[in-house]
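Colleague: From the sequence below, what's the structure:
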Amino acid sequence: MQMLKTDQEWMLLALKTAKENSSTAEFEEIGATGAVEEIGALKKAKDIPVGAVIVHNGQLICASGNRKEILNDVTAHAEIVALREAAAISGTWRCQKGTTIYTTLEPCPMCAEAILQARVAKVVFGAYDPLSGALGSAFNLYGQKRIYPVPEVVGGILESECSNLLKEFFAQNRSD
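Modeller: Below is the predicted model:
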């Protein structure tokens, strides 16, 4: 498996996953821009284009897009779906040391807590979410004393690209 080297390269894969609203998958070979299969039914469901990628020590574990609409499941945010897939692949809900999640939108409270509970070491996100962002925008879920290790947080990676994808989606779907 080819390794991607930077947070920006991993975020490009998360952004590609969000754009294609792809299924969660384990990839055997992937380049810096990704090679994610498109699922037509997901596009028709009009899930908000958020992508999440989970990486362990520089190796891709899985990638997922939002699936709330297609699964009719309020918890099927991209981060949660990716965490479930990573758990299925590894055989445990607890992420190994050195695990990073890349997501195109700042995690909401549900996703931020799931990331914390899964023991993810680092969270990297693209667009800030001033309404629901739980890692500093609306409030900081990781700012209080916690019994679990708090992940390192890096925000604003490819922020304009991630933000524009969401703005375009909402502009297009408000008129439908």
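Colleague: where does the protein dip in pLDDT?
Modeller: Low-confidence segments of the chain, defined by pLDDT under 70: 1-5, 21-45, 175-176.
Colleague: hey, where'd the strands end up in it?
Modeller: Along the chain, counting by DSSP state E, strands occupy 51-56, 59-65, 99-105, 122-127, 152-155.
Colleague: would you turn the ones you listed into JSON lines with distance to residue 76 and mean neighbour count?
Modeller: No exception for glycine: its C-beta is placed from N, CA and C like everyone else's. As requested, the strands of the chain are arranged in JSON lines below (distance: least, CB to CB, whole Å; neighbours: other CB atoms under 10 Å):
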{"stretch": "strand 51-56", "distance to residue 76": "11", "mean neighbour count": "28"}
{"stretch": "strand 59-65", "distance to residue 76": "9", "mean neighbour count": "25"}
{"stretch": "strand 99-105", "distance to residue 76": "14", "mean neighbour count": "27"}
{"stretch": "strand 122-127", "distance to residue 76": "18", "mean neighbour count": "24"}
{"stretch": "strand 152-155", "distance to residue 76": "23", "mean neighbour count": "15"}
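Colleague: I'd like those written out as a markdown table, with distance to residue 15 added.
Modeller: What follows is the strands of the chain, written out as a markdown table (distance: least, CB to CB, whole Å):
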| stretch | distance to residue 15 |
| --- | --- |
| strand 51-56 | 6 |
| strand 59-65 | 11 |
| strand 99-105 | 6 |
| strand 122-127 | 7 |
| strand 152-155 | 15 |
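Colleague: Which of the ones you listed sits closest to residue 137?
Modeller: Ranking these by proximity to residue 137 (CB to CB) places strand 152-155 first, at 8.2 Å.
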